[in-house]
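A.B. asks: My questions are about this predicted structure, shown below with the sequence.
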Amino acid sequence: MFTDYDDFTVSPFATVYEHGWQSWSPATVYPAAATSWRPVRQPAQIMNYRPETPAPRTGFQGEGLLVVDPADGSPVRLYAAADGMETVPSIRASLTAGRMRIRADGPIETCYGRTVRGALADWADRFAARAGVVDIRPAPTMWCSWYHYFTQVTAADITENLAAIGRHDLPVDVVQIDDGWQSEIGDWLTYSDRFPSFPELIRQIRDAGRRAGIWLAPFLVTSRSQTFEEHPDWLLRQPDGTLVDAGHNWNTQLYALDTTHPGARAYLTDSFERLRELDIDFYKVDFVYAGALEGVRHDGSSPLAAYRSGISLIRAAIGPQAYLLGCGAPILPSVGLVDAMRVSPDTALHYLPTNGDDVAMPSQQGATLSTVGRAFQHGRFWVNDSDCLIARPDMQRRHEWASIVEQYSGLRTSSDRIASLDAWGLETTRRILSTAMPPTPFVGVPDIFPTAPNGGW
């Protein structure tokens with residue numbers, strides 16, 4: 001239930017900063033008279049926005065964080081979750097006849113500042129301290145298989161690029177095998193038939209002087225998976241006993257693990273410990289919004305308590321020295337749990353979203369929008385990940401995307417087949433991997449954010 005929190009006059013030049021729920025949800029500044037981005041199809045509400053609280057038809061809805069600059073000489077007003085880790089209210093702003101109305105469905109606090117940029121930075125410093133963030137470790141440099149091979153990656157592809165990285169003397173610390181190595185989403189103990197000797201491939205990476213990284217979507221299972229068939233009791237359910245809808249991808253229905261169920265917890269621990277035993281020490285956990293979906297859990301935990309418990313379990317299984325990257329993750333509830341965080345939707349070879357007018361879907365436009373909009377989190381919450389550098393010739397506006405990665409991404413990852421790079425692509429990849437950002441608070445957040453809808457900057 002939303003209740004009134006504030007009501008005040010703003011000028012015609014007022015702006016609103018809206019912070020989205022998870023990695024892929026838009027986070028940017030808009031004119032106060034605009035309406036922020038909305039999902040254009042139902043599965044995106046589950047997978048890219050906050051599923052249980054759709055935004056109103058007009059206006060704004062920040063998830064645990066929203067800022068209004070009245071632009072009339074009065075202070076900037078920042079509204080934020082009073083807790084932010086296990087309780088994250090939705091905060092709505094609507095403009096009517098020159099007055100801004102603020103409503104929320106849970107406890108929030110108000111902070112003041114001179115600029116949106118300053119208010120965000122000051123609040124983030126305080127929130128990080130409250131969440132117990134102490135040591136932000138520098139990120140390794142990486143090569144990732146995703147943006148050339150996608151789910152069809154093979155062991156031979158990894159071997160080819162491992163050799164090319166060495167031949168070109170590229171400064172890559174971690175070779176990360178992305179989606180496609182596993183037999184099915186949700187089955188993390190069996191390998192795809194394209195990886196006939198997965199442990200041997202990991203040894204090859206280590207023998208080449210690189211670290212081995214891996215991608216998982218640990219809180220998801222598909223309807224095709226062995227886990228789904230054999231352990232339906234591990235899945236998150238509605239009060240009426242039906243399974244919770246976790247979205248649709250990989251041409252199949254998705255469901256969520258109940259991260260409080262003893263069997264599911266044992267399975268997650270076993271999966272990550274076995275990967276750790278192979279000498280993998282970089283883990284990208286993706287689509288983890290599934291761990292925070294509404295549903296009935298084995299131990300009665302709230303969604304965000306269960307989510308934090310699941311991520312903490314993964315950390316315990318991989319050990320304190322392994323590097324943990326979150327993606328598709330609820331932002332505020334993840335602070336203090338991961339080393340790095342994707343702060344944008346997926347980038348893409350194309351600039352504009354292809355699935356309608358929705359910047360939460362893969363595109364350079366959406367990745368740029370939220371990478372800049374969440375720049376203040378770098379060095380305060382974690383190392384920011386803008387998503388991968390793609391520098392091959394078929395990347396639209398590749399010079400612009402390379403500039404965004406170079407300016408804003410603390411995690412530097414190349415995701416081209418090395419053989420596909422031309423001279424510019426190879427040199428740009430080398431330069432960006434060689435000049436990683438330090439894990440210190442980002443102070444270069446612009447006062448003007450990238451293009452927003454309805455006449456935004």
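C.D. replies: Structure received.
A.B. asks: shouldn't M142 be in contact with T429?
C.D. replies: No - M142 lies out of contact with T429 (CB atoms under 8 Å); the separation is 11.5 Å. Every C-beta, even on glycine, is put in place using the N, C-alpha and C of the backbone.
A.B. asks: List the buried residues in the helix or strand containing D125.
C.D. replies: Element membership for D125, per DSSP states H and E: helix 116-131. Of all the residues in helix 116-131, those buried under the rule 16 or more other CB atoms under 10 Å are V116, R117, A119, L120, A121, D122, W123, A124, F127, A128, A131.
A.B. asks: for R392, phi and psi?
C.D. replies: Torsion angles at R392 (phi, psi; degrees, to the nearest 10) stand at phi -80, psi 160.
A.B. asks: Provide a list of residues in contact with it.
C.D. replies: R392 makes contacts with H148, R398, D416, R417, S420, L421, D422, G425, as judged by CB atoms under 8 Å, 6 or more residues apart in numbering.
A.B. asks: Is there a neighbour count for the fifth one? I'd like the number.
C.D. replies: Right, the one you point to is S420. Other residues lying near S420 total 14 when counted by other CB atoms under 10 Å.
A.B. asks: Skipping adjacent residues, who's closest to it in space?
C.D. replies: R392 (4.5 Å; CB to CB, 6 or more residues apart in numbering).
A.B. asks: One more: the last one?
C.D. replies: Ranked by CB to CB, 6+ apart and with sequence neighbours excluded, the top spatial neighbour of G425 is A391, at 3.8 Å.
A.B. asks: so how far is V172 from the one you found?
C.D. replies: Using CB to CB, to the nearest Å, one gets 14 Å for the distance from A391 to V172.
A.B. asks: For those two, list the residues in contact with both.
C.D. replies: Shared contacts of A391 and V172 (CB under 8 Å, 6+ apart): S414.
A.B. asks: hang on, R274 in a strand?
C.D. replies: No - R274 is assigned helix when assessed by DSSP: H, G, I helix; E, B strand; the rest coil, not a strand.
A.B. asks: got a list of what it touches?
C.D. replies: Contacts of R274 (CB under 8 Å, 6+ apart): L189.
A.B. asks: Burial check on R398, number of neighbours?
C.D. replies: 19.
A.B. asks: Now R308, what are its backbone angles?
C.D. replies: Per-residue torsions, R308: phi -60, psi -40 (degrees, to the nearest 10).
A.B. asks: Tell me where the stretch 101-250 of the chain has helices.
C.D. replies: Assigned by DSSP state H, counting those that start in this stretch, the helices in the stretch 101-250 of the chain fall at 116-131, 146-149, 155-167, 198-207, 226-230.
A.B. asks: For the longest one, C-alpha coordinates in PDB please.
C.D. replies: In this case it means helix 116-131. In PDB, the C-alpha atoms belonging to helix 116-131 read as follows (Å, rounded to 0.1, in the frame of the first residue of the first chain):
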ATOM      1  CA  VAL A 116      21.800  15.100  -7.900                       C
ATOM      2  CA  ARG A 117      25.400  13.800  -8.300                       C
ATOM      3  CA  GLY A 118      26.500  15.000  -4.900                       C
ATOM      4  CA  ALA A 119      23.300  13.700  -3.200                       C
ATOM      5  CA  LEU A 120      23.800  10.200  -4.700                       C
ATOM      6  CA  ALA A 121      27.500  10.100  -3.800                       C
ATOM      7  CA  ASP A 122      26.900  11.200  -0.200                       C
ATOM      8  CA  TRP A 123      24.000   8.800   0.300                       C
ATOM      9  CA  ALA A 124      26.000   5.900  -1.200                       C
ATOM     10  CA  ASP A 125      28.900   6.400   1.200                       C
ATOM     11  CA  ARG A 126      26.500   6.200   4.100                       C
ATOM     12  CA  PHE A 127      24.600   3.200   2.700                       C
ATOM     13  CA  ALA A 128      27.800   1.300   2.000                       C
ATOM     14  CA  ALA A 129      29.000   1.800   5.600                       C
ATOM     15  CA  ARG A 130      25.600   0.600   6.900                       C
ATOM     16  CA  ALA A 131      25.900  -2.500   4.700                       C
END
